[in-house]
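>>> Below is the sequence, then the predicted model.
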Amino acid sequence: MISIGIFGAAGRMGQAIATVATDAGLGLVGGTDRAGSGDIAPGLPITTDIAALAQASDVLIDFSVPGALSAHLDACIAAHKPILIGTTGLEPVHHALIDQAALVIPVLQTGNTSLGVNLLAALVEQAAAGLGDDWDIEIVEMHHRHKVDAPSGTALLLGEAAARGRGIDLADHSERGRDGITGARGKGAIGFAALRGGSVAGDHQVIFATEGERIEIGHRAENRSIFARGAIKGAQWLVDQPAGRYDMKGVLGL
Ligand SMILES: NC(=O)C1=CN([C@@H]2O[C@H](COP(=O)(O)OP(=O)(O)OC[C@H]3O[C@@H](n4cnc5c(N)ncnc54)[C@H](OP(=O)(O)O)[C@@H]3O)[C@@H](O)[C@H]2O)C=CC1
Ligand SMILES: O=C(O)C1=N[C@H](C(=O)O)C[C@H](O)C1
């Protein structure tokens, strides 16, 4: 049985992962958080000692904040342990840190650990490859009122899939945060819109729109356990991988 450690243990996802791991009888060894207070499970206190957690775990799961990523990666490198990163709102500087870490340890980074979203991404890539750039692509997401980053990591994952299908670079083609006199939509652009409210666990819709018709495909997360189950499955898969950077495709066989 592998031992799992959780970075961001007191958060919504940290708690969901601890619950799924405990219910499944998996080897949860502990968790860390900014404050380091409370318990992740009966008899397992949350601490701030990320180095000790990395040493004690076979694999680490990180659902925290981008600002903590560098320290978490350093601890995993020092302990030579794999890490699954679910934290979103990552900037290019964070992706560069992940690329560097992946030279020495296995790192899985994904904006969404659920099977449904990763299958949706494969469908989006296929649709984008089959439709010309007279089909406008728009990605709409809605999340709970506490979410701090936009567009969501999932929306970006879906945007990357669409861009891959089209053979273009997302960074050069994305349109975000339209407001005021924006001018007409750019041909070939991939647009993003983010809604926030209530307790929505995560809704994503990808719209392909052309003159006279529209294709809409999407995914609705009904609760966080789908992300937690995917994260644990990913962590179990990651312990057997060599150093490198991975996403959920290998885990889910997509
Ligand atoms: N990839 C996926 O499938 C999914 C990704 N996510 C992403 O996971 C992340 C966490 O989401 P969620 O659990 O809802 O958020 P929460 O805010 O509930 O949890 C984040 C946790 O990280 C802790 N934290 C904050 N700063 C630090 C720090 N410097 N060092 C260590 N821990 C810190 C927070 O502690 P404190 O409360 O003290 O600030 C909190 O416990 C988000 O980026 C979210 O988008 C969410 C769901 C699925
Ligand atoms: O913050 C959340 O809650 C979620 N974040 C991830 C994202 O940014 O896409 C995944 C999921 O949609 C829930």
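Okay, I see it. Ligands and ions are numbered 1, 2, ... in the order given.
>>> how many other residues sit next to L69?
Applying the criterion other Cβ atoms under 10 Å, we find 24 residues in the vicinity of L69. Glycine gets a C-beta too; all of them are placed from N, C-alpha and C.
>>> hang on, it in a helix?
Yes. Secondary structure of L69 (DSSP: H, G, I helix; E, B strand; the rest coil): part of a helix.
>>> That one contacts T88, doesn't it?
No. Because the distance of 11.0 Å does not satisfy Cβ atoms under 8 Å, L69 is recorded as not touching T88.
>>> Can you name the residues that contact M142?
When contacts are counted by Cβ atoms under 8 Å, 6 or more residues apart in numbering, M142 touches A194, L195, R196, G197, V200, G202, D203.
>>> How about T154?
Contacts of T154 were listed using Cβ under 8 Å, 6+ apart, and they are T88, G111, N112, V117, E141, G202, H204.
>>> how about the nearest residue to it, chain neighbours excluded?
Taking Cβ to Cβ, 6 or more residues apart in numbering as the measure, T154 lies nearest to N112, with 4.2 Å between them; neighbours along the chain are not counted.
>>> For the residue in the stretch 151-254 of the chain that ligand 1 sits nearest to, which non-adjacent residue is spatially closest?
Of all residues in the stretch 151-254 of the chain, F227 sits closest to ligand 1, at 3.8 Å by Cβ to the nearest ligand atom. Here the nearest residue to F227 in space, its sequence neighbours aside, is T113; by Cβ to Cβ, 6+ apart that works out to 5.0 Å.
>>> May I have the secondary structure class of that neighbour?
Three states are possible here, and by three-state DSSP the one that applies to T113 is coil.
>>> is it true that it touches G230?
Yes. With contacts counted by Cβ under 8 Å, T113 reaches G230, the gap being 3.1 Å.
>>> Who has more neighbours out of these two?
Neighbour totals were compared for T113 and G230, and T113 leads with 29 against 25 (other Cβ under 10 Å).
>>> Tell me how far the more buried one lies from ligand 1.
From T113 across to ligand 1, the span is 4 Å (Cβ to the nearest ligand atom, to the nearest Å).
>>> of all the contacts of M142, which two lie farthest apart?
Farthest apart among the contacts of M142 by Cβ to Cβ are G197 and G202. That separation is 12.5 Å.
>>> between the two, which one's more packed in?
Neighbour count, other Cβ under 10 Å: between G197 and G202, G202 has more, with 24 against 10.
>>> Done for today, thanks.
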